[in-house]
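Student: Structure for the following, please:
(2 chains)
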Amino acid sequence: MSEKTGDKKKSRTPMPEQPPAVRAGNFDEVALGYSKEDAIAEASRCLNCKDPNCVEGCPVNVDIPGFIKLICEEDFEGAIEKIKATNALPAICGRVCPQESQCEALCVLGKKGEPVAIGRLERFCADSEREKGVSAPDPDIPEPTGRKVAVVGSGPAGLTAAADLAKLGHKVTIFESLHKTGGVLSYGIPEFRLPKEIVKQEVEYIKQLGVEIKPNYIIGRIKTLDELCEEFDAVFLGTGAGLPRFMGIEGENLNGVYSANEFLTRVNLMKAYDPNYDTVVRYGKHVVVVGGGNVAMDSARSALRLGAEEVSVVYRRGEEEMPARREEIEHAKEEGVILRLLANPTRILGDDKFNVTGIECIKMELGEPDATGRRSPVPVEGSEFIIDAEAVIIAIGTSPNPIIFKGSEGLDQSRRGTVVAEEETGTTSKCGVYAGGDVVTGAATVISAMGAGKKAAKAIDEYLKEK
Amino acid sequence: MAYRILEKEEIAPSVHRMVIDAPDVAKAAKAGQFIILRIDERGERVPLTIADFEKETGTVTVIFQEMGKTTKQLAKLSAGDALEDFVGPLGTPADVRKLGTVILVGGGVGVAPVYPQAKAYKEAGNKVLTIIGSRNKDLLILEDEMRKASSELYIATDDGSKGHHGFVTDIMKQILDSDEKVARVVIIGPPIMMKVGAGVASPYDVEILVSLNSIMVDGTGMCGGCRVTVDGKTKFTCVDGPEFDARQVNFVELMNRLAMYRGEEAKAVEKYEEECRCGLN
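Tutor: All right, here's what the predicted structure looks like:
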């Protein structure tokens, strides 16, 4: 990221980071966070616009100029309280939101220089609260309404919906299929980008609001959605997009070929990097990751940290077209991840013991722009080449898990397997059932899932009032 | 959250039966499904087939053989201890219907998952011919239970110490060759036994099902580690199975995938046994 020193107003205060050579060997957080001085210096860049554009870019409408002004006044407790009024997970959002395409993209300062580092300031407020060990004063929870809401999935959509519904006085129970809460925040996003201690603390905050969490509880197996509907006054589905896609090429079931979901779950949730844990994961010397999104970057950087000597990312388009955040691509490159662009896997090679030995790719060139406006890649005939690999990680996307549909009726699904829901309210075809996040949109961002959780919570509250 | 162990018994050398207090799982469980357990915070998630369940008492029974580090550690627990996690029921329930005559074949600890199926098939009105086997008579499990749950019970041991001297598949072939009109054969056991059994039954006009025990993490379709090729297509054992048409399963791939972590497993066992000797555990 270009962060020139110089005109204070034009460029942002740099984020202290672990040096690439050091961090590539550990799972500690890469970005170290602003000091108090850094935060005040950065906050003082904000113009405090009367009609702030940034707030519109925020899916959960955080009062951005409001909390930044409080940082300038060194009222950090006031600042976090202001953020938490609309965002239940600030320490997480400050780390993993794509601010560059949301709030910061609309910052007026961005027209002539760099926008205010809103995400870093949000993170600072959340971190300083946590470090002090004081939590924002308990929100005034209204009298219990006597209404019960079930939330399925404890990822960003579910946690947000649960928090908002609890603040409105409804009794919320979250059902989580895994043994740990957090969904993709726990199993998907690595420790070095989002320390799990932070996820744990944000979940604690939700519990303080009176939300009950039931882990190891699979809706679609223990209870059907229909049964939940009978037991609860309303249901929110935030079950995410947890089903991995594969390419359907030869050799994909060889030993050492992982879905990114499996690889990251073994590493993050099951802590395969910690010798005190029983979890195993195979990586060998050469690891090839297929895909160009954030999940691909997370997989590649995790493999490097586990000790793989050479980690390459194979992506069928160019670097510009990669869907990963700029920052993640830069971080991966600095750490030594090799990008093999304009290449597409054709088959995976193995030995007589069924172990992966390499991956064959074909070179691609960019043709005409497709429906999404991106130039679509076309294979160059006869240009196949082989990359050695003892592990191959497929990170080409995920779809919603169909288990939720088991044994229940009336919930409309799209052809892509997503739940059909109104964007503004999360209303589904099934009465009293709302949905939001990746289960509706397909794999997207943490913050858009949170935004959907918020909207659905509001709609559920209105539904319960009328019911 | 903890799941209490109510009973624990060594029913054959290195084979243990454990009854767990897990009312949510017990209430929803059906024959053919499995659970995933985790002993403690540092443990693996291990899939085990449900060997029995009582909806009234809210208990689930699992039967396991000491193999890797986790099962060895599990064997050391006793009634009164608790498991950190116990999730289920997982997998698609067995397709139990009234078919007429059904042969159920179980080998080794694979006899355990056959038990709830025998009960279910019998209850559905089928004539249930059960064949169970093991290497020798000491390793044979659930003989009495199986006798009660089945219309007829046959036993085979590799060394001839009990019942037929030979394989369970020999008895299966005899029945298939007889006048008995068999609608379906269900074979559960070590992959090699299922492969051989499927091969023996294939020429007959009978449906053949096997229940697979792939390596997996979550058991809900999320990791894809349990991929298996069935009829040329990749399926997930945890959600599409664990029961599949035996004629379509690529057993060679299944066996190779099951061997994936064998080296790591051996090392983990060695380390664990060393720690046990030093009194660390």
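
Student: can you count the residues close to A:R325?
Tutor: Burial of A:R325 is recorded as 19 neighbouring residues (other Cβ atoms under 10 Å in any protein chain shown). From N, CA and C alone the C-beta is placed, and that goes for glycine too.

Student: How about A:N53?
Tutor: The local packing count at A:N53 equals 14, with neighbours defined by other Cβ under 10 Å.

Student: Am I right that it is in contact with A:C107?
Tutor: Yes. The pair A:N53 and A:C107 passes the contact test of Cβ atoms under 8 Å, sitting 7.0 Å apart.

Student: where in chain B is pLDDT low?
Tutor: Per-residue confidence for chain B (pLDDT under 70) gives these ranges: B:1, B:280-281.

Student: check contacts around residue 278.
Tutor: As the question left the chain open, I've gone with chain A. By Cβ atoms under 8 Å, 6 or more residues apart in numbering or on different chains, the residues touching A:D278 are B:R42, B:G43, B:E44, B:K69, B:T70, B:A268.

Student: That one belongs to a strand, doesn't it?
Tutor: No. Counting by DSSP: H, G, I helix; E, B strand; the rest coil, A:D278 falls outside a strand, being coil.

Student: residue contacts, the residue nearest to it when sequence neighbours are not counted?
Tutor: With Cβ to Cβ, 6 or more residues apart in numbering or on different chains as the criterion, A:D278 has its nearest non-adjacent residue at 4.6 Å, and that residue is B:E44. Residues touching B:E44, when contacts are defined by Cβ under 8 Å, 6+ apart, comprise A:M270, A:D278, A:T279, B:R38, B:T70.

Student: Arrange those residues in a markdown table, one row each, with distance to B:L258 as further columns.
Tutor: Rendered in a markdown table, the data for the contacts of B:E44 read as follows (distance: Cβ to Cβ, whole Å):
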| residue | distance to B:L258 |
| --- | --- |
| A:M270 | 19 |
| A:D278 | 18 |
| A:T279 | 18 |
| B:R38 | 20 |
| B:T70 | 15 |
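
Student: By neighbours, which of those residues wins?
Tutor: Neighbour counts for these, by other Cβ under 10 Å, peak at A:M270, which reaches 25 neighbours.

Student: how about the residues of the stretch 51-200 of chain A near chain B?
Tutor: Within the stretch 51-200 of chain A, the positions lying close to chain B (Cβ under 8 Å from any Cβ of the partner chain) are A:S177, A:L178, A:H179, A:Y187.

Student: Can you classify the residue nearest to A:D278 by secondary structure?
Tutor: coil.

Student: re earlier: and which of the residues of the stretch 51-200 of chain A next to chain B is nearest A:L306?
Tutor: Nearest to A:L306 out of those is A:Y187 (Cβ to Cβ; 16.5 Å).

Student: What's the local residue count around the closest one?
Tutor: The number of residues packed around A:Y187, counting by other Cβ under 10 Å, is 25.

Student: do you know how far the spatially closest residue to it that is not a sequence neighbour is from B:C238?
Tutor: Sequence neighbours aside, A:L269 is the residue nearest to A:Y187 in space, at 4.1 Å (criterion: Cβ to Cβ, 6+ apart). Taking Cβ to Cβ, to the nearest Å as the measure, A:L269 falls 16 Å from B:C238.

Student: Neighbour count for the two, which is higher?
Tutor: Residue environment comparison for A:L269 versus B:C238 gives the larger neighbour count to B:C238, 28 against 20, counting by other Cβ under 10 Å.

Student: Looking at the stretch 1-150 of chain A, what residue ends up closest to chain B?
Tutor: Nearest to chain B in the stretch 1-150 of chain A, going by Cβ to the nearest Cβ, is A:A150, at a distance of 14.3 Å.

Student: ok, the residue nearest to that residue when sequence neighbours are not counted - contacts?
Tutor: Of all residues not flanking A:A150 in the chain, A:F232 sits nearest, at 4.2 Å (Cβ to Cβ, 6+ apart). Contacts for A:F232 were tallied using Cβ under 8 Å, 6+ apart; they are A:K148, A:V149, A:A150, A:T173.

Student: Tell me the pLDDT of A:D138.
Tutor: A:D138 is assigned a pLDDT of 63 by the prediction.

Student: Ok, the one 3 residues further on next?
Tutor: Note on A:I141: pLDDT of 73.

Student: Reduced to three states, what does it come out as?
Tutor: Secondary structure state of A:I141, per three-state DSSP, is coil.

Student: List the residues that contact B:I192.
Tutor: For B:I192, the contacting residues are B:M255, by Cβ under 8 Å, 6+ apart.

Student: And the longest strand belonging to chain A, what's buried?
Tutor: Ranked by residue count and defined by DSSP state E, the top strand of chain A is strand A:356-369. Along strand A:356-369, these residues count as buried under the neighbour rule (16 or more other Cβ atoms under 10 Å in any protein chain shown): A:V356, A:T357, A:G358, A:I359, A:E360, A:C361, A:I362, A:K363, A:M364, A:L366.

Student: Also stretch A:180-194?
Tutor: Of the residues in stretch A:180-194, A:180-194 count as buried by neighbour count, 16+ other Cβ under 10 Å.

Student: Restricted to strands, list those residues.
Tutor: Going by DSSP E, the strands hold none of the buried residues of stretch A:180-194.

Student: A:K180 and A:D438, how far apart?
Tutor: If you measure A:K180 against A:D438 using Cβ to Cβ, the figure is 18 Å.

Student: quick revisit: going by distance to B:I11, which of the contacts of A:D278 wins?
Tutor: Of all those, the one with the least separation from B:I11 (Cβ to Cβ) is B:T70, at 18.9 Å.

Student: Now do the same for that closest one: helix, strand or coil?
Tutor: helix.

Student: so what's it up against?
Tutor: By Cβ under 8 Å, 6+ apart, the contact set of B:T70 is A:D278, B:I39, B:G43, B:E44, B:V46.

Student: cutoff 6 Å now
Tutor: Under the criterion of Cβ atoms under 6 Å, 6 or more residues apart in numbering or on different chains, the contact list for B:T70 reads B:E44, B:V46.

Student: what about B:M67, neighbour count?
Tutor: B:M67 has 12 neighbouring residues, counting by other Cβ under 10 Å.

Student: who does the lowest-mean-pLDDT helix or strand in chain A touch, helix- and strand-wise?
Tutor: Ranking every helix and strand in chain A by mean pLDDT, DSSP states H and E puts strand A:375-379 at the bottom, with a mean of 88. Contact here means 3 or more Cβ pairs under 6 Å, 6 or more residues apart in numbering or on different chains; DSSP states H and E; on that basis strand A:375-379 packs against strand A:356-369.

Student: got the angle between the strand it packs on and strand A:375-379?
Tutor: Here the directions of strand A:356-369 and strand A:375-379 differ by 130 degrees (axes from the mean of the first three to the mean of the last three Cα atoms, to 10 degrees).

Student: Wasn't B:T169 part of a helix?
Tutor: Yes. Residue state for B:T169 (three-state DSSP) corresponds to a helix.

Student: who's in contact with it?
Tutor: B:V196, B:G197, B:V200.

Student: In TSV: these, plus neighbour count and secondary structure.
Tutor: Putting these into TSV (neighbours: other Cβ atoms under 10 Å in any protein chain shown; DSSP: H, G, I helix; E, B strand; the rest coil) gives the following:
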residue	neighbour count	secondary structure
B:V196	18	helix
B:G197	27	helix
B:V200	20	helix
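
Student: picking up where we left off before, just the buried residues of the contacts of A:F232.
Tutor: Judged by neighbour count, with buriedness set by 16+ other Cβ under 10 Å, the buried members of these are A:V149, A:A150, A:T173.

Student: out of the residues you listed, which one sits closest to A:A163?
Tutor: Distance from A:A163 was checked for each of the buried ones among the contacts of A:F232 by Cβ to Cβ. The minimum falls on A:V149, at 11.8 Å.

Student: sec struct for that closest one, please.
Tutor: In terms of secondary structure, A:V149 is strand; the call rests on three-state DSSP.
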